[in-house]
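Q: Okay, predicted coordinates and the sequence, questions at the end:
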Amino acid sequence: MRDLLLVIVGPTGVGKTEIALRLAHDFSGEIINADSRQVYRFMDIGTDKPEPSLLEKVPHYLIGVINPDEEFSLAYYQRLAYEAINGIFDRGGLPMLVGGTGFYVWAIVEGWVLPEVPPDAALRSACQQKNAEELYQELLAISPELAARTDPKNERRLIRAIELARAGRVAPIKKDPLFNSTIIGLTMERSKLYQRIDERIDRMITRGLISEVKSILEMDYSPELPSLSGIGYRQIIAYLQGKLTLEEAIKDMKKATRRLVRQQYNWFRLDDKRIKWFDAEDGGVYSEITIFVREFLRRWR
């Protein structure tokens, strides 16, 4: 089982964490985070990190590993994830890659060899004077291929994509994967998923998201940091700055999260034969998943 990797993907709010924790308990698994926002410290409620009590029960990796003002590239994520996976192998456990960030998941599953293009300070400074639409149009003119794979609303990723495109590195090189992976996808009917998302965002507010954002800003972290441009943080910052009412901020959080769901389904397509999809609403779904995992492990033993 040295090279076996279990992967759990799906849109935000579908229930990946709950399923992953049960599987980790039943199959001696350890969880590697594949959510691009959960890597940051202090950002707990807005990224919906597992509760500390759950983190103590099952080993987790790449959760809260950097400060909000630190650079965190895909290449760095990949290196840390490989280290975590190999450490789990050494302990005889089953590594489980869990999350909804497509770049992170496919970089590990497909064994991407990532372009070594260092940050260009002058280019970044010039790009930061432009809005997301202007950046997207610039990227589209340079590399339609890379533009098609980049979130047109995410300024940080657009700027990095422009750096790569100008350096002539528009795509990672895909070599033979390092692991034998099986991918479990969780999904549900879209309107019910949106309802779950709305309820989760309401709970975030109740749990203290506003206080969390205030605390981060009081630690002298700039509200302009890329890490704080994520859903939840940018809206609450706008609320604290008087640019939005709380009602408007919450409404925008829900709208942005629905847009994120659509983007995630582009990364993890329902017709992708590499992914075994399960209906997260099915009462017997966990039993079905355990049968699937046992067969995966039996086949490769």
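A: Great, that's in hand. Numbering: from 1, shown residues only.

Q: Phi first, then psi, for Pro68.
A: Main-chain torsions, Pro68, degrees, to the nearest 10: phi -60, psi -20.

Q: wait, what's in contact with it?
A: Going by CB atoms under 8 Å, 6 or more residues apart in numbering, Pro68 touches 40-43, 216, 221, 225, 227-228. Any C-beta I mention is one placed from the backbone N, CA and C, and that applies to glycine too.

Q: Narrow the residues you listed to just the buried residues.
A: 40, 43, 216, 221, 225, 227-228 (16 or more other CB atoms under 10 Å).

Q: State the distance from the residue nearest to Ala84 when sequence neighbours are not counted to Ala24.
A: The shortest distance from Ala84 to any non-neighbouring residue, by CB to CB, 6 or more residues apart in numbering, is to Tyr61 (3.9 Å). Note on Tyr61: its distance to Ala24, by CB to CB, to the nearest Å, is 12 Å.

Q: so where does the nearest residue to Arg274 once chain neighbours are set aside fall, helix or strand?
A: Closest residue in space to Arg274, ignoring its immediate chain neighbours: Ile183 at 5.6 Å, by CB to CB, 6+ apart. Assessed by DSSP states H and E, Ile183 sits inside strand 180-187.

Q: quick one, strands of the stretch 151-300 of the chain?
A: Listed in chain order, the strands of the stretch 151-300 of the chain (DSSP state E, counting those that start in this stretch) span 173-174, 180-187, 275-279.

Q: Parallel or antiparallel, which strands does the lowest-mean-pLDDT helix or strand in the chain pair with?
A: The weakest-scoring helix or strand in the chain, judged by mean pLDDT, DSSP states H and E, is strand 173-174 (a mean of 78). Here strand 173-174 is paired, per DSSP bridges, with strand 112-113 (antiparallel).

Q: neighbours around the nearest residue to Phe292 once chain neighbours are set aside, how many?
A: Spatial nearest neighbour of Phe292, excluding adjacent residues (CB to CB, 6+ apart): Lys276 at 6.0 Å. Counted with other CB atoms under 10 Å, residues neighbouring Lys276 total 15.

Q: Tell me the spacing between Lys276 and Lys130.
A: Distance from Lys276 to Lys130, by CB to CB: 41 Å.

Q: Glu163 too?
A: Applying CB to CB to Glu163 and Lys130 gives a distance of 14 Å.

Q: Ok, Ala141 next?
A: 13 Å.

Q: Neighbour count: those two, which is higher?
A: Between Ala141 and Lys130, counted using other CB under 10 Å, the more crowded position is Lys130 (16 against 10).

Q: returning to what we had before: need the per-residue pLDDT for the residue nearest to Phe292.
A: The model reports Lys276 with a pLDDT of 98.

Q: how far away is it from Gly208?
A: 37 Å.

Q: How about Glu71?
A: 28 Å.

Q: For the residue nearest to Ala84, list the residues it contacts.
A: So Tyr61 contacts 30-33, 80-81, 84 (CB under 8 Å, 6+ apart).

Q: Swap in 10 Å and give it another go.
A: For Tyr61, the contact set (CB atoms under 10 Å, 6 or more residues apart in numbering) comprises 30-33, 80-81, 83-85, 87-88, 95, 97.

Q: could these go into JSON lines alongside pLDDT, neighbour count and distance to Arg196?
A: Converted to JSON lines, those look like this (pLDDT from 0 to 100; neighbours: other CB atoms under 10 Å; distance: CB to CB, whole Å):
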{"residue": "Glu30", "pLDDT": "98", "neighbour count": "19", "distance to Arg196": "27"}
{"residue": "Ile31", "pLDDT": "98", "neighbour count": "29", "distance to Arg196": "21"}
{"residue": "Ile32", "pLDDT": "98", "neighbour count": "28", "distance to Arg196": "24"}
{"residue": "Asn33", "pLDDT": "98", "neighbour count": "27", "distance to Arg196": "20"}
{"residue": "Leu80", "pLDDT": "97", "neighbour count": "18", "distance to Arg196": "30"}
{"residue": "Ala81", "pLDDT": "98", "neighbour count": "21", "distance to Arg196": "28"}
{"residue": "Glu83", "pLDDT": "97", "neighbour count": "13", "distance to Arg196": "34"}
{"residue": "Ala84", "pLDDT": "98", "neighbour count": "20", "distance to Arg196": "29"}
{"residue": "Ile85", "pLDDT": "97", "neighbour count": "22", "distance to Arg196": "30"}
{"residue": "Gly87", "pLDDT": "97", "neighbour count": "15", "distance to Arg196": "34"}
{"residue": "Ile88", "pLDDT": "97", "neighbour count": "21", "distance to Arg196": "30"}
{"residue": "Pro95", "pLDDT": "98", "neighbour count": "26", "distance to Arg196": "28"}
{"residue": "Leu97", "pLDDT": "98", "neighbour count": "26", "distance to Arg196": "23"}
